[in-house]
Every structure is written in C-alpha cells, then in structure tokens.
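Q: got a structure for you, letters missing:
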C-alpha cells in the first residue's frame with residue numbers, strides 16, 4: 001500500500017485513516033451498552049470487544065434475512081453486543097428502514113412489524129415513481145442509471161420512496177450499532193486498483209475506506225476543487241442509497257425528459273455519477289487517477305464483493321469479531337474466500353479460510369481464526385442443511401431468488417423465521433466466540 005498521509009487539507013475534506021470524531025464518540029457511548037450486555041450473558045472482560053455484523057447483498061432476500069437475524073439477536077439478548085452494523089445492496093435496504101426510527105434496537109418488534117406491513121401490503125404508484133424520477137433529473141448535476149434504478153425499481157421492491165437524508169440520523173441512534181453503508185468506485189474497480197474501490201457512507205462521513213479520504217456526508221455529491229466545496233448540491237436521500245401536487249404541463253414535460261434521459265442512461269449503462277470531492281487534490285494514499293476526474297461513478301458493492309468486509313478492516317477500527325450473515329445467491333463461501341484473497345494482497349490481517357469438503361451441504365455456522373492481529377470471522381449462510389433440512393434447500397433458494405420484486409406476507413414471515421433460526425440454533429456458539437475475543 002502507498003504511504004499514509006494523515007493531515008487535513010481543509011475543513012471540508014479529511015485525508016487520513018483515523019476514525020471521525022463523531023464515530024469515536026458513538027463508539028465510546030456504545031461500549032457502555034456492550035459491557036452491560038456482556039455481563040448479562042455471564043461474560044466478564046477487561047476491554048470491551050469490537051464486534052461487527054455484516055449483511056451481504058441479495059435484494060429482498062437480504063433485506064428480510066438481515067431483519068430476521070437482527071430480531072433474533074435481540075431475542076437472544078445479543079444485539080447489544082454489536083458495535084458496527086454494515087451492509088451492501090439489499091442489506092442496506094433493511095438498515096435504511098431501521099435507522100429511520102431513532103434508537104430502533106430498543107423497540108425492534110414494533111419496527112419489524114412496520115417494515116413487514118409495508119413490504120407485504122404497501123405500494124408506490126407509477127405517478128409517484130415518475131415524480132421522483134423527474135425530481136432527480138431536475139435537481140442533480142449528474143443524472144444516472146442509479147437514479148432510474150432507485151426511483152423505478154428499488155421503490156417498487158421496498159414499497160416506499162424514502163426521502164429522508166442520511167445526515168438526519170446523526171445523534172438519533174445513540175443506542176444502536178454504528179451504521180456503515182458500502183458501495184464501490186466503478187472506475188477503481190475497472191482499473192483494478194486494489195485498495196481504492198471500497199467506499200463507505202455513514203451519517204457522519206463518507207469516503208474511501210482503505211485509502212483514507214473522507215468528506216462530510218452532507219457534502220457527498222457536491223462539486224469540489226482542490227479540497228474546497230465550490231458548488232453545493234442537494235444532499236442525496238435514502239432512496240438514492242437504496243410531491244403529490246397535480247401535474248401541470250411543465251411537470252409533464254419534465255417527466256418525459258427524465259424518461260428519455262433514463263433510456264439514454266440504460267443504453268450507455270452509466271451508474272452512480274457524482275461530483276468527485278477529491279478532484280485536483282493530492283492524495284498520496286490513493287492512486288493519482290482518482291483525483292484527476294471531475295466525477296466518479298459509485299455502484300453496488302455486490303458487483304465486486306457482495307459483503308462489506310472492507311468497511312470494518314481499517315486498522316483503527318480494531319475489530320475483534322466479524323459476524324458475516326451471507327444472503328448471497330450461489331456459492332455460500334464466495335464472499336469470505338474473496339475477502340481472504342484480497343486481504344492477502346493488501347497485507348491486511350485476516351484469517352485463513354479453510355472450506356468444507358466439496359459437494360457437502362453448507363452448515364449454519366463456520367468459524368475462521370487467524371493470528372492475534374486478525375479478527376475472528378463467523379460465517380453464517382442463510383439457507384443451509386440445518387434450517388432447510390437437506391433436499392429442501394434448493395426449494396428455498398428457488399423461492400427467494402435475487403431478482404424477485406415482491407414477497408407475500410407468508411414468504412416474509414417464513415424467511416424471517418429461517419434467518420432467525422441461524423441465530424437461535426447457534427446462541428451458545430456465538431457466546432463462546434464472543435467470550436474468546438474478550439480474553
């Protein structure tokens with residue numbers, strides 16, 4: 001990796017690998033909750049461990065699967081042991097729904113019921129989708145396929161147009177794990193820059209996780225030059241990470257323009273174009289190409305790695321235990337194997353991943369351990385030989401495909417239960433591994 005540069009270029013862009021002040025303050029408060037939770041579970045410790053829950057991508061399957069897992073962690077008295085909650089793709093849909101509600105973990109049953117009600121019985125009209133698409137087109141410097149996807153697809157899948165701003169979560173989730181939403185820099189991915197693709201978004205700061213270049217999240221998307229904000233853009237809303245007035249002639253024209261531009265973006269396949277806050281800056285810890293373009297394209301992390309590992313592998317986060325909830329379709333070990341390989345290239349401590357014998361059905365609990373400076377990784381595939389009883393696993397996988405647009409209430413209830421079983425059946429194993437990292 002390139003040498004670190006740990007200094008401030010301006011009050012608006014932060015270059016460095018340390019945690020933000022807001023994140024440090026949140027973690028300090030959270031440690032008190034974690035300590036109480038450990039004591040209630042009979043675990044004593046001299047130093048509170050940093051435990052991260054990771055939710056993979058997988059559309060509605062991931063959204064509902066993460067919700068079911070978190071609800072069961074709450075039921076088993078383990079949710080308050082968690083320091084970080086991180087997600088990509090469908091898991092971020094769940095997170096966005098949770099963090100709309102201040103201190104959601106203290107009233108999770110009510111929050112869960114509201115989410116299930118919306119997914120099962122809610123709807124977004126074509127008119128509302130069109131209005132949202134037109135709003136994106138008229139307000140933003142850079143209209144892209146992400147706007148189309150958000151307004152027309154995601155809103156239909158989650159049955160909501162969520163216009164809350166990410167920074168509205170600041171100070172309202174003091175009793176919850178610290179949230180990190182993960183995307184990737186498309187150009188960095190195609191340029192095969194090992195460290196630079198990983199991009200994290202929190203209520204406080206957003207930026208390149210491993211390169212160490214961050215900006216206040218309220219400025220994400222605004223136009224920068226040499227570290228200075230030269231043109232403010234409206235803050236992105238939660239629907240983009242995931243007007244009911246009647247339409248006059250001008251609005252109808254805007255709608256048609258937006259639709260035509262949407263078709264153009266589909267043909268050109270342009271995702272997530274945003275102003276680059278590192279434009280014309282000298283950032284020694286990142287590849288020079290990152291700061292040479294006025295815009296960057298951010299896209300779903302699942303297109304590179306379908307789990308947000310690199311949002312919690314910064315040295316400064318000092319993660320002791322990762323609970324990987326894998327809702328991916330296909331190979332249930334692909335994410336953890338890819339992470340191990342990438343960490344080896346980047347010289348980031350990570351345990352060796354020893355896979356089970358080929359042609360064996362996945363179980364519901366795997367533990368990977370490495371050197372003392374590497375986190376322990378618990379890996380839990382959603383559908384497995386324990387909660388799906390062997391031959392029925394393929395039926396469950398087929399029923400909950402990634403690109404299924406909607407679930408019935410029965411499907412949601414069944415999936416919540418399946419995900420919950422992976423936690424319920426392994427409570428003692430979870431406690432054992434938590435205890436091991438507190439020593």
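A: Nice, thanks for sending it over. If you're wondering where the values come from, they're calculated on a predicted model, not measured in any experiment.
Q: all strands in the stretch 1-150 of the chain, in order from the N-terminus.
A: 7-8, 13-15, 51-55, 84-87 (DSSP state E, counting those that start in this stretch).
Q: In terms of mean pLDDT, which of those ranks lowest?
A: When those are compared by mean pLDDT, strand 7-8 comes last with a mean of 39.
Q: Low-confidence stretches in this protein?
A: Residue ranges of the chain with pLDDT under 70: 1-11, 243-272, 390-391, 439.
Q: for it, longest strand please?
A: With secondary structure taken from DSSP state E, the chain has its longest strand at strand 178-185.
Q: Name every strand pairing with that one and say which way it goes.
A: strand 84-87 (parallel), strand 198-201 (antiparallel), strand 295-300 (antiparallel) (DSSP bridges).
Q: picking up where we left off before, may I see the strands of the stretch 1-150 of the chain organised as CSV, with mean neighbour count and distance to residue 140 added?
A: Every C-beta, even on glycine, is put in place using the N, C-alpha and C of the backbone. What follows is these, written out as CSV (neighbours: other C-beta atoms under 10 Å; distance: least, C-beta to C-beta, whole Å):
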stretch, mean neighbour count, distance to residue 140
strand 7-8, 10, 28
strand 13-15, 23, 21
strand 51-55, 28, 28
strand 84-87, 26, 24
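Q: Now distance to residue 43 too, for these, in CSV please.
A: Output for these, formatted as CSV (distance: least, C-beta to C-beta, whole Å):
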stretch, distance to residue 43
strand 7-8, 39
strand 13-15, 36
strand 51-55, 12
strand 84-87, 19
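Q: Out of these, flag the one nearest residue 414.
A: Among these, strand 51-55 comes nearest to residue 414, with 18.8 Å by C-beta to C-beta.
Q: how distant is the closest one from the center of its chain?
A: A distance of 10 Å separates the centroid of the chain from that of strand 51-55, by C-alpha atoms, centre = their mean, to the nearest Å.
Q: tell me the angle of it relative to strand 178-185?
A: Between the axes of strand 51-55 and strand 178-185, defined by axes from the mean of the first three to the mean of the last three C-alpha atoms, to 10 degrees, the angle is 50 degrees.
Q: helices and strands around strand 51-55, which ones?
A: Helices and strands touching strand 51-55, by 3 or more C-beta pairs under 8 Å, 6 or more residues apart in numbering; DSSP states H and E, are helix 59-75, strand 84-87, helix 90-99, strand 321-326.
Q: what's the first one packed up against?
A: In terms of contacts (3+ C-beta pairs under 8 Å, 6+ apart), helix 59-75 is packed against strand 51-55, strand 84-87, helix 90-99, helix 108-121, helix 155-158, strand 321-326, helix 409-424.
Q: Against residue 388, how distant is the nearest residue to residue 82 once chain neighbours are set aside?
A: Spatially, and ignoring its direct neighbours in sequence, residue 82 is nearest to residue 177 (4.5 Å; C-beta to C-beta, 6 or more residues apart in numbering). Per C-beta to C-beta, to the nearest Å, residue 177 is found 28 Å from residue 388.
Q: mind listing the strands for the stretch 251-400 of the chain?
A: Using DSSP E, counting those that start in this stretch, strands in the stretch 251-400 of the chain cover 273-275, 295-300, 321-326, 366-368, 376-381.
Q: Could you list every helix and strand in contact with the fourth one?
A: Read that as strand 366-368. Here strand 366-368 is seen to pack against strand 376-381 when contacts are counted using 3+ C-beta pairs under 8 Å, 6+ apart.
Q: show me what contacts the closest residue to residue 14 other than its chain neighbours?
A: In space, and not counting its chain neighbours, residue 14 is closest to residue 214: 4.6 Å by C-beta to C-beta, 6+ apart. Residues near residue 214 by C-beta atoms under 8 Å, 6 or more residues apart in numbering: 13, 14, 15, 16, 20, 205, 206, 207, 208.
Q: same thing with residue 427?
A: 76, 78.
Q: Quick check, residue 290 in contact with residue 186.
A: No: Residue 290 lies out of contact with residue 186 (C-beta atoms under 8 Å); the separation is 11.9 Å.
Q: before we move on, back to that, the strands of the stretch 1-150 of the chain: which one's closest to residue 337?
A: By C-beta to C-beta (comparing all of these), the closest turns out to be strand 51-55, at 14.6 Å.
Q: what is the orientation angle of that closest one with helix 59-75?
A: 150 degrees.
Q: Now tell me what touches strand 51-55 from outside.
A: Residues outside strand 51-55 that contact it (C-beta under 8 Å, 6+ apart): 34, 62, 65-66, 69-70, 73, 81-88, 90-92, 94-95, 177, 307-309, 312, 317, 319-325, 327, 434, 437.
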